[in-house]
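Q: Take a look and give me a structure for this.
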Amino acid sequence: RRKRGGRSNALGRSRGGLSTKIHAVTTTGGKLLHLALTPGQQHESTMAEELLVYAEGDAFIADTRYDAERIRANAQTLGMKPVIHLHPSRKQPPPLDRTLYRLRYRVECFFHDLKRFRAAATRYDKTATCYLAVLHVAFMLLWLC
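A: Presented below is the predicted three-dimensional model:
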């Protein structure tokens, strides 16, 4: 039997219970450009094409979960250099620009700053649109700081 509203509200089952994944495109300064939500069990690489549309700059810096040939090819067609940490199962690893990859910690700081807002960190909202609104308000406050 189907659960009502799970996928439409970006709620997914995982080992810890119901969860939601936040996907964000940020600048290297840690400022938000785009935000998307998916259910917790959905893989991150399924959102890569949408995130690439909103990305800007010379490089697309991402973590290991976005390591796929199609994502690298899409980034190159947009004129960006893909700087993605290699998945351990790769047999022929492409080179990684470590100086650009060091900028990824700023995205981690961006998500760390989000955890200061209790309503955003714990997702008390029932619907995805309300939760997305809370996230946007939190990121607006972070822009002002």
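Q: Could you use CA atoms for every contact and neighbour count after this?
A: Will do.
Q: What's the biggest strand in this structure, counting residues?
A: strand 17-26 (DSSP state E).
Q: Which strands and helices lie in contact with that one?
A: Applying 3 or more CA pairs under 8 Å, 6 or more residues apart in numbering; DSSP states H and E, one finds that strand 17-26 contacts strand 12-14, strand 32-39, helix 48-54.
Q: among those, which is nearest Thr20?
A: Distance to Thr20, taken as CA to CA, is lowest for strand 32-39 among those, at 4.8 Å.
Q: could you pull out the helices for this structure?
A: Assigned by DSSP state H, the helices in the chain fall at 48-54, 69-77, 98-101, 105-114, 118-122, 128-144.
Q: Quick one: closest of these to Asp63.
A: Nearest of the helices of the chain to Asp63, taken as CA to CA: helix 98-101 at 8.9 Å.
Q: Figure out how far the closest one is from the centre of its chain.
A: Taking the mean of its C-alpha atoms, helix 98-101 sits 19 Å from the chain's own mean (CA atoms, centre = their mean, to the nearest Å).
Q: That helix: which residues count as buried?
A: Within helix 98-101, the residues scored as buried using 16 or more other CA atoms under 10 Å are 100-101.
Q: Could you point out which residue ranges in this structure have low pLDDT?
A: Within the chain, the segments meeting pLDDT under 70 span 1-8.
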